[in-house]
Each structure stands twice: as C-alpha cells, then as structure tokens.
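Undergrad: Test case, fold it:
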Amino acid sequence: MESAAETVAKRRRIRELEVMVAENIRETHDTSTLVLFTGNDHLEYKAGHFLTLDPHDFPGLERFTAYLEDVKAKREPARAYSMCSAPHEKQLAITVKEERYVSGLTKYPPLLSPLLVHRIPRGTRLVITGFSGPYVLPDDIESRTERLVHVCAGSGIVPNFSILKQCLVEHPQLKHTLIYSNKTWKDVIFRRQLQDLQAEHPDRLAVVHAITRDPDAVNRARNVRTGRINEALLKELIPDPTAVVVYCCGPGITRYDREAAKEKGEAPAPRFLESALASLAAIGVPDDNVRREMYG
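TA: Residues are numbered from 1 along each chain as shown. Take a look at the predicted model:
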C-alpha cells in the first residue's frame, strides 16, 4: 500500500509543463531521441519513468485524431514514452520507435509515433505530462542483489538504458548483464552508447546482443549471438538465477491481440515479453525478482 509520503512525492512528480525540442537525434532508421529543453525547472523523476504526450496538442494531427475517435467511438488517449535520460543528466530526453501499420495485423494506423520520429524539428514546443510508472529501482536495491539483469527487445531498451546509466553512477556495487534482442544489427538502439558504457565499465557491465534475422551480425562484434533470447541463452548468462533481479521490457500481447485471437477461438500467440518471462521462470528466477514492462 502506498504511504502518504509516497503519494505526496508522486503528486509532485506528475505535472504538466511546456518544453522545447532542443535536438532530434536519429538512432536507427525508425527510432529517434528527442532532447527536451525544460528551462530552469528542476525535474524530479526516477530512471525508468515515462512521460505522456496528448495527440490533441498537435494541430497537424487534428483530422487524424478526429477520424480515429469516430471509428473507435472514444477519445484518443495520451501516449506514454519512456525517458532515455537519467535523473543525474542535465537534459531530459525520450526515445521513440515508429509504430507501423501492417495490413491484417494492426487494427488501427499509428497516430503519434511517426510524427515524433520523422517530423519534429528543433524548436518545436511540446506539452508533456510527467513523470510516472512502476518500472523503477527500489531505494534498497543494493541490499537485494549484486547483479541486475536487463532483458530487452527493440524499444524496450529505453527505460533500461536510463536505469543502467543511473546505476553505473549511483550504485557502484551493482553489476549488470544486458541481453538485448533485435531483428538486425541496424535495429540496435543506442548501439554506440552501449559499446562506450561497456568499455568504460568492463568489470560492471556485460552486453550481449541477440540478433534474430541477420546471420552476418556475429561478425560485427564478439558479444553478438544469432537467434532469439531463449532458455538456453539465459541459463548461460545467469549462472545464479536466484540471486539476480531482472528488468524485462519489450513487446507483449496487446488487447487487440487478445480480441483477434478470441474471434478465432485461439489463445493469443506469445510475444517477446511472454516468452522471455517463461524462460526466466524455467531457469529458476523467482517471479518476485522480475520487474516487467510491456510495449505494444
């Protein structure tokens, strides 16, 4: 149960403010980082938190927003985007991966992410609401474990990147294993930054990339494996599964997946998150030691 002090702190964190896009950094062909200028405001948030953007605040989306609201018969909600920046860093930043419409698989075309990735120039003013989310480290993390394991896929790396950067600065006793899945080597978000962090902290950070559709990726670096993150790989990289705390983030089964499967009289097929959680359980990681966050 949330204490009164935690409730007050949460209310202080969640507020609306206007920011300006100071830089739009292309990370991959479909992913961009928006660096946000916040003025002189001191922003209180935790690594792993997200902020939200309301599509109604974008005049260029007005007709698309109205159309989707007519089709869905309900108001379009705000979208949540995890921060890639860490609280000790000077600038606030989010990283956004473009959602794609796939005929027969995607129920509605994406509304906000294509705009944020491809068409937001420097100087654009945005209204954000932040900061929230349970995917954060407890204050007593060092008393719970000596090693954090990050199991991520695609844009699921974003909150873990924030957590990782913060830990390397503020929790010097913690060691980290990052197991990161992508389709191809070109899809790896923060590839250079992760290489730099590993070089800077060789005794505290091990990074392993699992590449599923690029057989030549094993020639790119020594820490690349081909194939999906599975039970065998996790067992190899987590020798003591009862002693670690795992932060797992990536695509999971959405409400639309469940609805589509129900219409066919089938169970929804597991996606990355469900498969990774099952593999973690199979090698003996206690469920209480696993934190999870889903990206649809």
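Undergrad: quick one: low-confidence parts of this structure?
TA: Scanning the chain for pLDDT under 70 picks out 1-13, 296.
Undergrad: Any buried residues in the lengthiest helix in the chain, and which?
TA: Taking DSSP state H as the criterion, the chain has its longest helix at helix 157-170. Neighbour counts over helix 157-170 (16 or more other CB atoms under 10 Å) mark 157-168 as buried. All C-beta atoms are positioned from the backbone trio N, CA, C, and that covers glycine.
Undergrad: Which residues does it contact?
TA: 47-50, 81-89, 94-95, 133, 135-137, 141, 148, 150, 152, 174, 176, 178, 180, 189-190, 193-194, 197, 200-201, 204-205, 247, 249, 293 (CB atoms under 8 Å, 6 or more residues apart in numbering).
Undergrad: In helices, which of these fall?
TA: Per DSSP H, the subset of those in helices is 141, 193-194, 197, 200.
Undergrad: Which members of those come out as buried by neighbour count?
TA: The neighbour-count criterion (16+ other CB under 10 Å) marks 141, 194, 197 among those as buried.
Undergrad: nearest to residue 287, of those residues?
TA: Taking CB to CB as the measure, residue 287 lies nearest residue 141 of these, at 17.5 Å.
Undergrad: Quick check: the gap between residue 282 and residue 234.
TA: Residue 282 sits 8 Å away from residue 234, going by CB to CB, to the nearest Å.
Undergrad: out of the two, which sits in the busier spot?
TA: Using other CB atoms under 10 Å as the criterion, residue 282 and residue 234 rank with residue 234 on top: 22 against 13.
Undergrad: Three-state assignment for that one, please.
TA: What DSSP: H, G, I helix; E, B strand; the rest coil gives for residue 234 is helix.
Undergrad: quick one: contacts for it?
TA: By CB under 8 Å, 6+ apart, the residues touching residue 234 are 151, 179, 279-280, 283.
Undergrad: tell me which of the residues you listed is nearest to residue 225?
TA: For the contacts of residue 234, the nearest to residue 225 is residue 179 (9.1 Å; CB to CB).
Undergrad: any idea how far the longest helix of the chain is from the chain center?
TA: 11 Å (CA atoms, centre = their mean, to the nearest Å).
Undergrad: one step back: in the buried residues of helix 157-170, find the pair that's most separated.
TA: 158 and 168 (16.4 Å).
Undergrad: could you check the angle helix 191-200 makes with the longest helix of the chain?
TA: Inter-element angle recorded for helix 157-170 and helix 191-200: 30 degrees (by axes from the mean of the first three to the mean of the last three CA atoms, to 10 degrees).
Undergrad: can you pull the alpha-carbon coordinates of helix 157-170 into PDB?
TA: Extracted in PDB, the C-alpha atoms of helix 157-170 (Å, rounded to 0.1, in the frame of the first residue of the first chain):
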ATOM      1  CA  ILE A 157      15.800  -0.900 -24.200                       C
ATOM      2  CA  VAL A 158      14.800   2.700 -23.500                       C
ATOM      3  CA  PRO A 159      13.800   2.600 -19.800                       C
ATOM      4  CA  ASN A 160      16.600   0.100 -19.100                       C
ATOM      5  CA  PHE A 161      19.100   2.400 -20.700                       C
ATOM      6  CA  SER A 162      18.100   5.100 -18.200                       C
ATOM      7  CA  ILE A 163      18.300   2.700 -15.300                       C
ATOM      8  CA  LEU A 164      21.600   1.400 -16.400                       C
ATOM      9  CA  LYS A 165      23.200   4.800 -16.700                       C
ATOM     10  CA  GLN A 166      21.800   5.900 -13.300                       C
ATOM     11  CA  CYS A 167      23.100   2.700 -11.600                       C
ATOM     12  CA  LEU A 168      26.600   3.000 -13.000                       C
ATOM     13  CA  VAL A 169      26.800   6.400 -11.400                       C
ATOM     14  CA  GLU A 170      24.900   6.000  -8.100                       C
END
